[in-house]
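Novice: Below: sequence and its predicted model.
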Amino acid sequence: MGVATDSEKGETAREIVEAARRYEAGLIVMTGHASAHGRKDLLGSTAHAVLRRCTVPVLVVPLSSTRWTPPAAVVFGHDGSEKSNSALQPAVQLASALGCELALVRALDAVSGLSGAARYYGAVDDFAQNDLNEIRDGLSDSGLKVTTFVGKRPPEQELLGVADSRPGSVIAVSTSSMSAAPNVLGSTTDRLVRSQTHPVLAVPSR
């Protein structure tokens, strides 16, 4: 593996994204941090700026992580959309490289693509579970231990809950729900990065 160094003048996030393009990087790794006033609920970090501009996956490591813990799992967040699937293959590759569990997580309040009839007859749980089962079955030849979780809490709570039960877990999600406008909160990916409790692999949605 080759190592190169680079030093540029300019806006930090733009230079990081440009360097990734110039070196044909497959992954950007950086730490997250709060705003200049130390609040996690405000935008302004370089990590967030990179997430909005990147075309390759970005691994955001919490600033508080002083010792590396071998991840017990890669926790993949799926909301039923094609865009969320953008993070599946990187999650599989990372879990394979680390030799750890792949946990597939879906929150019912984020279930999409279901008809009104399915919701009316209370079949949302079944649809969500079947969706994850199909993904799991498609990975049967990967050699990975794949587990599935369907919960009723908000997506970030479900993802953090599964990750908290597995030391060192990395959460893998698509950036499809990142807020497009500055200073606007609301997306699952955004809140996960702000939590700074687990490394987050944010994959640009296709």
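Specialist: Arrived safely. Numbering: from 1, shown residues only.
Novice: so after the helix or strand bottoming out on mean pLDDT in the chain, what's the next helix or strand?
Specialist: Every helix and strand in the chain was compared by mean pLDDT, DSSP states H and E; the lowest is helix 116-120, with a mean of 50. Counting by DSSP states H and E, the next helix or strand C-terminal to helix 116-120 is helix 124-138.
Novice: Which strands and helices lie in contact with that following helix?
Specialist: Helix 124-138 is packed against strand 101-107, strand 146-151, with contacts defined by 3 or more CB pairs under 8 Å, 6 or more residues apart in numbering; DSSP states H and E. (Each C-beta comes from the backbone N, C-alpha and C, glycine too.)
Novice: Now find how far off-centre the last one is within its chain.
Specialist: On the basis of CA atoms, centre = their mean, to the nearest Å, the separation between the geometric centre of strand 146-151 and that of its chain is 16 Å.
Novice: which secondary structure elements does the host helix or strand of residue 90 contact?
Specialist: Assigned by DSSP H and E, residue 90 belongs to helix 88-98. Under the contact criterion of 3+ CB pairs under 8 Å, 6+ apart, helix 88-98 touches strand 73-77, strand 101-107, strand 170-174, strand 200-203.
Novice: What residues does the closest residue to residue 94 other than its chain neighbours make contact with?
Specialist: In space, and not counting its chain neighbours, residue 94 is closest to residue 74: 5.1 Å by CB to CB, 6 or more residues apart in numbering. Residue 74 is in contact with 91, 94-95, 98, 100-103, 169-172, 201, counting by CB atoms under 8 Å, 6 or more residues apart in numbering.
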